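Sequence first, then the predicted structure, then my questions.
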Amino acid sequence: MCIDKEIKSMLTGLIHKKERAVADGESSNNDLLGLLLQSTYCDDHQGSLNNPTRTYALTIEDIIEECKLFYFAGQETTAVWLTWTMVLLAMYPDWQERAREEVLKICGKKVPDFDSVSHLKIVTMILHEAMRLYPPVVALFIHTYKQIELGGVSFPAGVDLLLPTILFHLDHDLWGKDAEEFNPERFSQGVSKASKDPNAFLPFGWGPRICLGQNFAVIEAKMALSMILQNFSFQLSPSYTHAPYTVITLQPQYGGQVILNKL
């Protein structure tokens, strides 16, 4: 509760500071927080957050929750994804070496950019396989706001549906007998041909409400992993205990301890 209160206090202060800066002409609304604030006004009045006559489409509490969501979705999930990827590459040093050779061939020792990471096939295969085995979000939740029909079954409004991502990713009928094994080669021809069903891989969701940050997260993960491979080799620490568990995201319960060796 203390952490939640502190986070809310920090974000409230940030929101007040942002709108004061916009009102004083010291800042514009062209960043994420500015656009979010701008989109919450129901009228055209100008002024501060303390203006009691201003009507909001969303409350300040709603904006705080959106900020928390953006941070969590943009930071926590990618961090967990990279953690599992490093653990797997420490377990499978042959794939680690293949990935490093590819990175050095395409990027050299330069900091990877958008153009170079788009040519990293092996790194992409590894990241996809890591996310298949250990998706940061293990299940997707859907709430029906009206009566709908799915697969011939009718659901009334007010029903919560659970889509267990991790069970799809480990299904032997979809991925083969080695579904629980680390095998990046299955993604050698792309995501759609990695399994018997082109829609079986859904770590970012699917359809019109697929994660908006998918492309950014993939580029971010490729760049981060490439920079690690350029500078370090790594192996599992003797203290590592393999114990995946879920606390909102799928995490190593006792941490993902690896030993880094400078190249």
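Cool, got the structure.

Please make it C-alpha for all contacts and neighbour counts, starting now.
Fine.

Next secondary structure after the helix or strand of the chain with the lowest mean pLDDT?
Every helix and strand in the chain was compared by mean pLDDT, DSSP states H and E; the lowest is helix 32-38, with a mean of 74. Next helix or strand after helix 32-38 toward the C-terminus (DSSP states H and E): helix 60-71.

As PDB, could you dump the C-alpha coordinates of the least confident helix or strand of the chain?
What follows is helix 32-38, C-alpha atoms only, in PDB (Å, rounded to 0.1, in the frame of the first residue of the first chain):
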ATOM      1  CA  LEU A  32       2.600  11.000 -24.500                       C
ATOM      2  CA  LEU A  33       1.500  12.600 -21.300                       C
ATOM      3  CA  GLY A  34       0.500  15.800 -23.000                       C
ATOM      4  CA  LEU A  35      -1.600  14.000 -25.500                       C
ATOM      5  CA  LEU A  36      -3.200  11.900 -22.800                       C
ATOM      6  CA  LEU A  37      -4.100  15.000 -20.800                       C
ATOM      7  CA  GLN A  38      -5.400  16.800 -23.900                       C
END
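
Go through it and flag the buried ones.
Neighbour counts over helix 32-38 (16 or more other CA atoms under 10 Å) mark 33-34, 36-37 as buried.

Strands along the stretch 151-263 of the chain, start to end?
All strands of the stretch 151-263 of the chain, identified by DSSP state E, counting those that start in this stretch, fall at 153-155, 160-163, 232-236, 244-247, 249-252, 258-262.

got the contact list for the second one?
Same thing as strand 160-163. Contacts to strand 160-163, defined as CA atoms under 8 Å, 6 or more residues apart in numbering, come from residues 139-144.

mind giving me CSV with these and columns for distance to S237 and secondary structure?
Listed next are these as CSV, based on distance: CA to CA, whole Å; DSSP: H, G, I helix; E, B strand; the rest coil:
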residue, distance to S237, secondary structure
A139, 30, coil
L140, 33, strand
F141, 36, strand
I142, 39, strand
H143, 42, strand
T144, 46, coil
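
Top of the residues you listed by number of neighbours, please.
A139 (18 neighbours; other CA atoms under 10 Å).

now it, nearest residue through space, not along the chain?
P164 (4.3 Å; CA to CA, 6 or more residues apart in numbering).

what helix or strand does the residue nearest the centre of the chain sit in?
Nearest to the mean C-alpha position of the chain, by CA atoms, centre = their mean, lies T77 at 3.8 Å. For T77, the host element (DSSP H and E) is helix 77-91.

Now find how far off-centre the longest helix anywhere in the chain is within its chain.
Using DSSP state H to define each element, the chain has its longest helix at helix 2-23. Distance of helix 2-23 from its chain centroid, counting by CA atoms, centre = their mean, to the nearest Å, is 24 Å.

Which residues in that helix does the neighbour count mark as buried?
Those would be 8, 11-12, 15, 18-20, for helix 2-23 by 16+ other CA under 10 Å.

Understood, closing this out.
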